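> Give me coordinates for this.
(one chain, ligands or ions: 3)
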Amino acid sequence: MARTLTFEIFRYNPAIPEQKPQMQCFTLAETANMTLFIALNRLREEQDPSLVFDFCCRAGICGSCGMVVNGRPRLACQTKTADLPERIILLPLPVFKLVGDLSVDTGVWFRDMYQKTRSWIHTKKAFDSDQEEERMDNAVAEQIYELERCVECGCCIAACGTARMRDDFLGAASLNRIARFALDPRDERTDQDYFEIIGNDYGIFGCMGLLACEDVCPKHLPLQNQLGFLRRKMGITALKQLFRKSSCAS
Ligand code: SF4
Ligand code: SF4
Ligand code: FES
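Ligands and ions are numbered 1, 2, ... in the order given. So this is what the prediction gives:
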């Protein structure tokens, strides 16, 4: 028998601060293969046109539909209601700026973080458009591609205890970007250069290592491996610095 789903949805419009945040209840008959994308669109079309949420691709690619579903950050377009209980509680992702109801601005956060991590290829080579593309070892290209699959949904940041406590923490998605450039033979930055960006409490040493980030990543990025890789790399760089300082002092 078809279930009747109860949705409890966070409602708040920051543009009208005199209205208090509240949870609003809706009910909806479940249909076959219903996703949260379908359910939310039906609620907006049939019950409340003022409901705010984000969707674009409906295919787990654009990363815009992240929200907290029964306590866990997920992509709504990739979440089937059949996998959820009848009572579904929807909240916006924490950490990011609230646009309204379930919509948050992940774009500003990611742009800021990528500027802080200087997330682009650093090279002194002059660009020559007449040159052939540089060849790259297939195995390295595949490793880089694996990390490039991040869709910037923000789920790993929303699930991260450190990011929830400290708004200067770079978070798993940003550290994953650093790992991606550290692998790239075209990037001429040294370990010391990376240390200056992430060898601190708001970088790799602020990470508590409990791996909620990897648990919730809808693209199944190997975040645990990347955090471990950076922790080792930055730990060795810190030790080298200590040795350098102590040999200068003696
Ligand atoms: S392992 Fe680190 S980055 Fe991942 S959720 Fe925990 S504190 Fe955040
Ligand atoms: S690492 Fe995964 S959870 Fe984090 S932003 Fe990228 S795709 Fe989303
Ligand atoms: S709508 Fe694009 S990832 Fe969900």
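
> What is the burial count for Ala29?
10 (other C-beta atoms under 10 Å). Glycine gets a C-beta too; all of them are placed from N, C-alpha and C.

> Isn't it up against Thr6?
No - Ala29 is not in contact with Thr6 according to C-beta atoms under 8 Å; the separation is 11.4 Å.

> what's the distance between the closest residue to Met234 other than its chain neighbours and ligand 3?
Excluding the flanking residues, the one nearest Met234 by C-beta to C-beta, 6 or more residues apart in numbering is Gly199, at 4.7 Å. In this view, Gly199 and ligand 3 are 33 Å apart by C-beta to the nearest ligand atom, to the nearest Å.

> Check whether Leu40 sits in a helix, strand or coil.
Reduced to three states with DSSP: H, G, I helix; E, B strand; the rest coil, the structure at Leu40 is helix.

> Contacts only, for it.
Leu40 makes contact with 51, 53, 55, 76, 90, 102, according to C-beta atoms under 8 Å, 6 or more residues apart in numbering.

> Return the list of helices and strands in contact with the helix or strand of the chain with the lowest mean pLDDT.
Here the helix or strand of the chain ranked lowest by mean pLDDT, DSSP states H and E is helix 223-249, holding a mean of 89. Applying 3 or more C-beta pairs under 8 Å, 6 or more residues apart in numbering; DSSP states H and E, we find helix 223-249 packed against helix 171-183, helix 191-198, helix 212-216.

> most packed of these?
Of all the helices and strands packed on helix 223-249, helix 171-183 carries the top mean neighbour count, a mean of 23, counting by mean count of other C-beta atoms under 10 Å.

> helices or strands next to that helix in the packing?
On a contact count with 3+ C-beta pairs under 8 Å, 6+ apart, helix 171-183 meets helix 106-116, helix 138-148, helix 155-158, helix 191-198, helix 212-216, helix 223-249.

> Sketch out the low-pLDDT regions of the protein for me.
Low-confidence segments of the chain (pLDDT under 70): 249-250.

> Near ligand 1, which residues of it are found?
Applying C-beta under 6 Å from any ligand atom, we find that the chain lies next to ligand 1 at 159-162, 171-172, 207-213, 227.

> Kindly supply the PyMOL command isolating those of those that are buried.
Selection of the buried residues among the residues of the chain next to ligand 1 in PyMOL, burial being defined by 16 or more other C-beta atoms under 10 Å:
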select buried, resi 159+160+162+171+172+207+211+212+213+227
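
> near ligand 2, from the residues of the chain next to ligand 1?
Ala172.

> quick check: domain ranges of this structure?
4-104, 117-249 (automatic domain parsing).

> Now name the helix or strand holding Val104.
Applying DSSP states H and E as the criterion places Val104 in strand 103-105.

> The helices and strands packed on helix 171-183: which one's closest to Glu86?
helix 212-216 (22.6 Å; C-beta to C-beta).

> Tell me which other helices or strands that closest one touches.
The helices and strands touching helix 212-216, judged by 3+ C-beta pairs under 8 Å, 6+ apart, are strand 72-75, helix 155-158, helix 171-183, helix 223-249.

> and the second one, anywhere near ligand 2?
Yes - Helix 155-158 lies in contact with ligand 2 when judged by C-beta under 6 Å from any ligand atom; the contacting residues are 155-156.
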